[in-house]
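S.K.: Need coordinates for the below:
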Amino acid sequence: MNEKPEIYKPKNHVRIVTAASLFDGHDAAINIMRRIIQATGVEVIHLGHDRSVKEIVDCAIQEDAQSVAITSYQGGHMEYFKYMLDLLKESGCEHIKIFGGGGGVILPEEMDELHAYGIARIYSPDDGRQMGLQGMINDVVKNSDYATGKDVSVSVKDIERKHPHSIAQLISAAENNPDEVRTFIDKLDERSKGSPVLGITGTGGSGKSSLVDEIVRRYLDDYPDKTIGIISVDPSKRKTGGALLGDRIRMNSIDDSRVYMRSLATRQSNLAMSKYVKDAETILQAAGFDLIILETSGIGQSDTEIIDHCNLSMYVMTPEYGAATQLEKIDMLDFADIIALNKFDKRGALDALRDVKKQYMRNHQLFHADPDDMPVYGTIASQFNDPGVNQLYRSIMERIDEISGGRFKTSMEASDEMSEKIHIIPPKRTRYLSEIADTIRNYNEWTESQAAVAQRMYALDESISLLKKKEIPSEALDAAFKDEELDLDPHNLEIIRGWDDKIKAYKEKEFVFKVRGKELRVQTHTESLSHISIPKITLPRYKGWGDVLKWVLRENVPGEFPFAAGVFPFKREGEDPTRQFAGEGGPERTNKRFHYLSFGMPAVRLSTAFDSATLYGRDPDLRPDIYGKIGNAGVSISCLDDAKRLYSGFDLVDPKTSVSMTINGPAPTLVGYFMNAAIDQQCEIYIREKGLEKEVNKKIDALYKEKETKRPAYNGPIPEGHNGLGLMLLGVTGDMVLPEEVYSKIKVDTICSVRGTVQADILKEDQAQNTCIFSTDFALKMMGDVQEYFNQNHIRNFYSVSISGYHIAEAGANPVTQLALTLANGFTYVEYYVSRGMDINDFAPNLSFFFSNGIDPEYSVLGRVARLIWSKSMKLKYGANERSQKLKYHIQTSGRSLHAQEIDFNDIRTTLQALYAIYDNCNSLHTNAYDEAITTPTEESVRRAMAIQMIINHELGLAKNQNPLQGSFIIEELTDLVEEAVLMEFDRLTERGGVLGAMETMYQRSKIQEESLYYETLKHTGELPIMGVNTFLSSKGSPTVIPGEVIRATTAEKEQQISTIRDLHKTWEEEAEIRLEDLKNRSMNNENVFAGIMEAAKYCSIGQISQALFEVGGQYRRNM
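M.R.: Numbering: from 1, shown residues only. Reported below is the predicted structural model:
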């Protein structure tokens, strides 16, 4: 492989902004890049994922960066990069260079076009192979290595007009060429308005940046006419000179024209401040910012430098400072005007608050004062609208008002309520994962001991039988047998006694069993071409009672506890577990693809991929960075009519129709659209049956005439196989045209009947995929609301969540980590729903799972281990019934194993992965198309992908048997090894406070990234051989394949989607306002939000609903 290149050493102080593009959660690559850029001696301002062009451009200008480095994997890159350069030019900042990459998503001819437009460099996968990561970074840094803040031509008027680039240039000049601008800054100091400075300092990791963001958000709401400047300091690395200026990533409130933020590196060792802070403050004061916040990097116990740079100082700490005597060593407790005890949800917080108040009293000799009057506040900055933060903010502004002579009268109301964490998992239940691990280990030990008893009984029974044949007395053995029998569980004795009958039942021609009270009869054998009768289920030929009992307790037949081989006795006849993913362009194009995929199939199993704007809960828009994303890499669905068009022509309540939706952040909204689309389909059927078409159409036409907007319609001809169902009520809902009692009955009957799944797994989004849009606690609360609504309305056939390991694996986790984290997330939902008072047997059947299948050995047992752990836990730990014990899961073959080199080899890997999945009895399966590594799959590649599983199911002889893995020594060994590895991971999560506690320290995210890096390193060095990628290369070196056909949304489709939303907003403006207000009130009153979404979905776009929920639930705060 390539030798490691020498690291480039920059000659100037280079500053680079790094981010992932808008509606793009793929941050693994940019995280690796920003680490290497920093290690190359650069000051990196990292913004994280899902960043708009304006956010990046504003940041680059305010930070006076030399360049920006962006990854874009979700399409829309042409508009995105061009728009970025256009905005930089508009601001007179075209000197800021743009670098980018997007794997195989950005085609060579598109790279050429972007380079010709003025983008500095877009890197291709082949660039990565030839140059290596460090080589690419060297190229970026070398081309960004030019001086800033030199020969600055800035006027006082430019500064006073708050011109962002002028301010940025002057601060850079103060840092890089202080002598050159000394006279000018002194002149500004004389003219300065002396804006008050709030200095915020504290220990590293105390949540200073989050607290600053919460203060800024309240300030902007409180003072609509005032501006704010922020200076944030982070430490420089002594060894390389690089720095991670990471405070911006935590800021959700600064994307506002009234806010200016500048990050400074200390550029000196062992100090929390830059020596240029004073000049930066002077410049912002001269610019007339009403308030300035200065935030230092993390400090030690003796650091008090900030008090020389501010009018009001605040010290941020956490309850985890050690013994109370440590407080005596903290110098800032002598000098701070206000103290924030953040992360007040930590154990011991109340004691810490008391101790800090007493220490403050001692330090300030306030011995006779009331401790409650001390300016010490318990806060939880991570909790939306936290009462402690409200109190802190009010106290700060009252002090600022005093300092400024009455210019900051606050209208913020703050209650005396103390900060209190709204726990998702009650504190007393944080050991739930280790309790599960203990339960399973105890069961396994019990199984071994019971099997040993049974085996001894078998030996005694055989011996007694032999003695009786020889007519030899056996009283002693009879007594021993009875003694052993006392140690055997009565149920286990029944298992042994019923074994021969069980074998006989599977040898009969038909097997009879019940599913939800319905009797089913299944043929137990198939006949081969050689006229041999092949059993669908094969049982072991064990004779020893211990062997029999152990097998039944550890494995058992499919459909019986502990469900190792499957949760149903036999596979469903006439319906393959095929589920194919589709989503592109507008709803009509994807509707056409759905009809193509399901044409002639005995069952309709639709799986929906949404475009990135939909995934992030935003409306289509003409703004270029949004426009380019519309309908690319998924279908654009932003309102109820879109959903109706998308699923039109399919009867959504037909038992043979099932719909899966891959959506997470705004999942409740999409479920609302889906349910309403299904209800209106049934209303349409009722209207036709009763002959009401003419009357209803007249009502709809009259309504749209009154609204003065165009009645919505299906755009273009309906596809082959489409029966027109679902299109009559476009633009209205059933309750607008039918009597209330008729509509209500149809609604109740419909939502009970629909079959399908929504992904909606917020925990894995935080850990791996990044399409979280709401604050985590609020998102989990809405998940609970959806499930509660399902319980109340007896929705049993639709899965409210698909607990997903697939995206954890795609982010880089190995199979054991994928399984462990996914099951842990599943049990976290169980604990949360139980804590809300839900009955486990009401909600457990609505939970499903979704895993990736690679070709590692552990994938061969992933499904069976998942079923074993789930069933044992649900039965033995939670006391759930049999239906709740059954874990049902979907498999998608690995996307990571699809390579852009030698793409024909991808089908070979996919076939092996599909074989794993089918042999392990997955409940549904999606096989990836071989060309997905380079483009949206074509009809030809999708057909080949479907053929893979159809050939296995219908042609491969061994697949006629439905438990082919049982009895294999290696499968049994791997099952035990993987199960124990998962339980060990449960214990590690418990040590970190359970799943949510581990998420706070980013344990899962870090683990996934480490495992991803391990895989990539082995792939890069060739230690992990991958055919056609790092070995067995073609004579041409197996270059990256360029797609011959690329599927992208058309301009007409994008315009149509924007037009749909514009018309919707105009038609239902008044009704939408009422529904959105109701939605917000429901949230503030702690009522069921999803019930409100079901109504709002009739009138509101996805963006409107998301915005309303942001206002009451808070936005997701990014992590590194």
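
S.K.: three-state assignment of I45?
M.R.: The assignment at I45 comes out as strand when based on DSSP: H, G, I helix; E, B strand; the rest coil.

S.K.: Name whatever forms a beta bridge with it.
M.R.: V17, L245 (DSSP bridges).

S.K.: Pretty sure it sits against S263.
M.R.: Yes - the pair formed by I45 and S263 meets the contact definition of CB atoms under 8 Å, at 5.6 Å. From N, CA and C alone the C-beta is placed, and that goes for glycine too.

S.K.: Excluding chain neighbours, give the residue nearest to the residue nearest the centre of the chain in space.
M.R.: Central residue of the chain (CA atoms, centre = their mean): E765, 1.1 Å from the mean position. In space, and not counting its chain neighbours, E765 is closest to C772: 4.5 Å by CB to CB, 6 or more residues apart in numbering.

S.K.: Quick check: that neighbour touching D766?
M.R.: Yes - contact criterion CB under 8 Å: C772 and D766 qualify, at 5.5 Å.

S.K.: what do these two both touch?
M.R.: Residues within reach of C772 and of D766 at once, by CB atoms under 8 Å, 6 or more residues apart in numbering, are Y1116.

S.K.: Torsion angles phi and psi at the nearest residue to F344 once chain neighbours are set aside?
M.R.: The shortest distance from F344 to any non-neighbouring residue, by CB to CB, 6+ apart, is to G378 (3.8 Å). Backbone torsions of G378, given as degrees, to the nearest 10, read phi -80, psi 120.

S.K.: For G378, give its distance to G207.
M.R.: 12 Å (CB to CB, to the nearest Å).

S.K.: So which of the two has more stuff around it?
M.R.: G378 (25 against 22; other CB atoms under 10 Å).

S.K.: Looks like the more buried one contacts P387 (just checking).
M.R.: No - if you go by CB under 8 Å, G378 and P387 don't touch, sitting 9.4 Å apart.

S.K.: Overlap in contacts, those two.
M.R.: Counting by CB under 8 Å, 6+ apart, the residues touching both G378 and P387 are 418-419.

S.K.: hang on, the earlier thing: got the contact list for the residue nearest to E765?
M.R.: 664-665, 762, 765-766, 779, 1116.

S.K.: how about JSON lines for the residues you listed, with pLDDT added?
M.R.: JSON lines is the format used below for the contacts of C772 (pLDDT from 0 to 100):
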{"residue": "N664", "pLDDT": "97"}
{"residue": "G665", "pLDDT": "97"}
{"residue": "I762", "pLDDT": "97"}
{"residue": "E765", "pLDDT": "96"}
{"residue": "D766", "pLDDT": "95"}
{"residue": "A779", "pLDDT": "97"}
{"residue": "Y1116", "pLDDT": "95"}
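
S.K.: So which of those residues sit within helices?
M.R.: Under the assignment DSSP state H, the contacts of C772 contribute 762, 779 to helices.

S.K.: Let me know the closest of the contacts of C772 to I230.
M.R.: Of all the contacts of C772, Y1116 has the smallest distance to I230: 20.8 Å, by CB to CB.

S.K.: helix/strand/coil for the nearest residue to the closest one once chain neighbours are set aside?
M.R.: Nearest residue to Y1116 in three dimensions, chain neighbours excluded: C772, at 4.1 Å (CB to CB, 6+ apart). Following three-state DSSP, C772 is assigned to coil.

S.K.: if we can go back for a sec, how close does the residue nearest to E765 get to E160?
M.R.: The separation that C772 has from E160, given CB to CB, amounts to 41 Å.

S.K.: swap in Y627?
M.R.: Counting by CB to CB, the gap from Y627 to E160 is 36 Å.

S.K.: Return the set of residues that bridge with I231.
M.R.: With DSSP bridges as the rule, I231 is bridged to R262, L294.

S.K.: Help me confirm that it comes into contact with E281.
M.R.: Yes - I231 lies in contact with E281 (CB under 8 Å); the separation is 6.7 Å.

S.K.: between the two, what contacts are shared?
M.R.: 292, 294.

S.K.: neighbour-wise, which of the two wins?
M.R.: Neighbour count, other CB under 10 Å: between I231 and E281, I231 has more, with 26 against 22.

S.K.: For the more buried one, give me its contacts.
M.R.: When contacts are counted by CB under 8 Å, 6+ apart, I231 touches 261-262, 264, 277, 280-281, 284, 292-295.

S.K.: Pick the one among the residues you listed closest to L170.
M.R.: Proximity to L170 was ranked across the contacts of I231 by CB to CB; first place goes to A280, at 9.0 Å.

S.K.: Report the contact partners of that closest one.
M.R.: 171, 174, 231, 262, 264, 274.

S.K.: hang on, the earlier thing: what about I45 and S263, which has more around it?
M.R.: Using other CB under 10 Å, the more surrounded residue of I45 and S263 is I45, with 31 against 26.
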